[in-house]
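Trainee: Predicted model and sequence follow; I will ask about them next.
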Amino acid sequence: MVDGLLRVLCTLIVLIVVGSLITAHGSRLLGLLMRAGKLRHRVTIQYLADSAQYLRLDGVVGNYASTPDSAAASITGDIDIRVKVARDDWTPALANSLISKRAGAGNRSYRLVSTTNGLSLVWSADGTIENTSSSTVPTGITDGASKWVRATLDADNGASGNDVIFYTSDDYDPLTQNGTWTQLGATVTTANTSSIFDSATSVEVGSSTGGTIQLAAGEFYRAQIFNGIDGTLAVDFDPSLAAAGDLSFTADTGEVWTVTQTGSPQGAELIVGSGQQDTGEPDVVWADLATVYAEWRTLRGNELFASQEHHPEVRGIWAMRWRQDLDLTAKMRIVHDGLTYNILYVPPYGRSGKRDVMEVECSEGVNTG
């Protein structure tokens, strides 16, 4: 019996010592634990797969969202445009711009347009004269229904021409950039290679030429522009990043989006959709990104003070092995044993500066996106 008590006492002493070491030398010891394969907790990293928050536009002059011209948005070759929208009318009598970088003559770049007959991609090589390629069939989308639509331009198809292809999708995931795209009609091939003019105009959602023409009515959930087909994400309109009451927000790609309103009631509004939880919070959908082994460490003393200087809500750190495929952001969360940990900050390669350590600063609570 004495031997049993001694074993229990020794175990308690070891745990106390290890806990003290983790508190005093957190990053170093956690790194050792990782290298020794001693991370004890199985945690799930989740990302916001869908949100009811969107930009509602009434299709009236002066109601739109925009972001200033930038080097990233100034795509001059192959381009890939993707928009999730619920159009009030998917077969409008007049063309409506879903997203555009286009102003007056001499300042025209590109735009994805919804028309009576389907979709059109319009671009200019010289800033004035525009080229138009249109889908060979209508979208077939029911008015009021939300759908991902997409257009790609292969400016040089290798056969002395350019190709435009249109698609639709019900399951495209803008975070992972995975999903099933169904080609809409035939590939539209035009003679001669092409390019896109680098204009100084802003990128607009739901309109063109400063919110004055081709105004689209509907609910805009997301819009992405890639430099190259399946290339680098250059522009990302994501209204779920806006806080309640905001008229501007910063995209994960760095650009600042601003909503311009006019009319009474306002004809452009960032709102939460009809789906809500009993608490009144927005109805969001979380999806699993990865399940990993990690170690939790509650921050104390100077370390807690230092972390709370940039995030007052910080309470602790989930430490895990660094993985190149895990690009964690504050739009994600960690779930463990029924508790939710909101990701606040991920220092590059962890505090130790080593690639084998990834330390995720977190708060505890419900992340609603």
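Mentor: Arrived safely.
Trainee: For the rest of this, base every contact and every neighbour count on C-alpha atoms.
Mentor: OK.
Trainee: among the helices and strands of this structure, which has the poorest mean pLDDT?
Mentor: Least confident helix or strand, the chain: helix 26-35 with a mean of 49, by mean pLDDT, DSSP states H and E.
Trainee: Surely Q224 is in contact with V83?
Mentor: Yes: at 6.4 Å, Q224 counts as touching V83 under the criterion of C-alpha atoms under 8 Å.
Trainee: Which one's more surrounded, these two?
Mentor: Between Q224 and V83, counting by other C-alpha atoms under 10 Å, V83 is the more crowded of the two (24 against 18).
Trainee: gap between the more buried one and R150?
Mentor: Spatial separation of V83 from R150 under the definition C-alpha to C-alpha, to the nearest Å is 6 Å.
Trainee: likewise E130?
Mentor: Taking C-alpha to C-alpha, one finds E130 at 19 Å from R150.
Trainee: More neighbours: these two, which one.
Mentor: Neighbours were tallied for E130 and for R150 using other C-alpha under 10 Å; the higher tally belongs to R150 (25 against 15).
Trainee: give me every residue that touches the nearest residue to that one once chain neighbours are set aside.
Mentor: With sequence-adjacent residues excluded and distances taken as C-alpha to C-alpha, 6 or more residues apart in numbering, R150 is closest to R82, at 4.4 Å. Residues in contact with R82 (C-alpha atoms under 8 Å, 6 or more residues apart in numbering) are W148, V149, R150, A151, A223, Q224, I225.
Trainee: one more time with 10 Å
Mentor: Neighbouring residues of R82 by C-alpha atoms under 10 Å, 6 or more residues apart in numbering: 98-99, 112, 148-152, 166-169, 172, 174, 222-226, 236.
Trainee: rewinding a little: which SSE is immediately downstream of the least confident helix or strand of the chain?
Mentor: strand 41-51 (DSSP states H and E).
Trainee: what about that next one, average pLDDT?
Mentor: Per-residue pLDDT values over strand 41-51 give a mean of 80.
Trainee: And stretch 178-194, by the same measure?
Mentor: For stretch 178-194, mean pLDDT is 97.
Trainee: Now it: buried residues?
Mentor: Neighbour counts using 16 or more other C-alpha atoms under 10 Å place W181, Q183, L184, G185, T189, T190, S194 of stretch 178-194 among the buried residues.
Trainee: Would you mind measuring from the second one to S169?
Mentor: Counting by C-alpha to C-alpha, the gap between Q183 and S169 amounts to 9 Å.
Trainee: what sits in contact with each of those two?
Mentor: V149, R150.
Trainee: returning to what we had before: of the contacts of R82, grab the buried ones for PyMOL.
Mentor: Selection of buried members from the contacts of R82 for PyMOL, criterion 16+ other C-alpha under 10 Å:
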select buried, resi 98+99+112+148+149+150+151+152+166+167+168+169+172+174+222+223+224+225+226+236
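Trainee: Restricted to strands, list the contacts of R82.
Mentor: Judged by DSSP state E, strands contain the following of the contacts of R82: 98-99, 112, 148-152, 166-169, 222-226, 236.
Trainee: Could you list everything F249 pairs with in the sheet?
Mentor: Beta-bridge partners recorded for F249 (DSSP bridges): W257.
Trainee: wait, what's in contact with it?
Mentor: With C-alpha under 10 Å, 6+ apart, F249 has these contacts: F237, D238, P239, S240, L241, A242, A243, E255, V256, W257, T258, V259.
Trainee: rerun at 8 Å
Mentor: So F249 contacts P239, L241, A242, A243, V256, W257, T258 (C-alpha under 8 Å, 6+ apart).
Trainee: Which residue is the nearest non-sequential neighbour of W318?
Mentor: W318's closest residue in space is W296 (C-alpha to C-alpha, 6+ apart), at 4.7 Å.
Trainee: what's the answer for D173, then?
Mentor: D173 sits nearest to G179 (C-alpha to C-alpha, 6+ apart), 6.0 Å away.
Trainee: Please determine how far the one you found is located from D171.
Mentor: Separation of G179 from D171 (C-alpha to C-alpha): 5 Å.
Trainee: And L233, by the same measure?
Mentor: L233 sits 18 Å away from D171, going by C-alpha to C-alpha.
Trainee: For these two, work out which one has more neighbours and name it.
Mentor: A count of neighbours by other C-alpha under 10 Å puts L233 above the other of L233 and D171, at 18 against 12.
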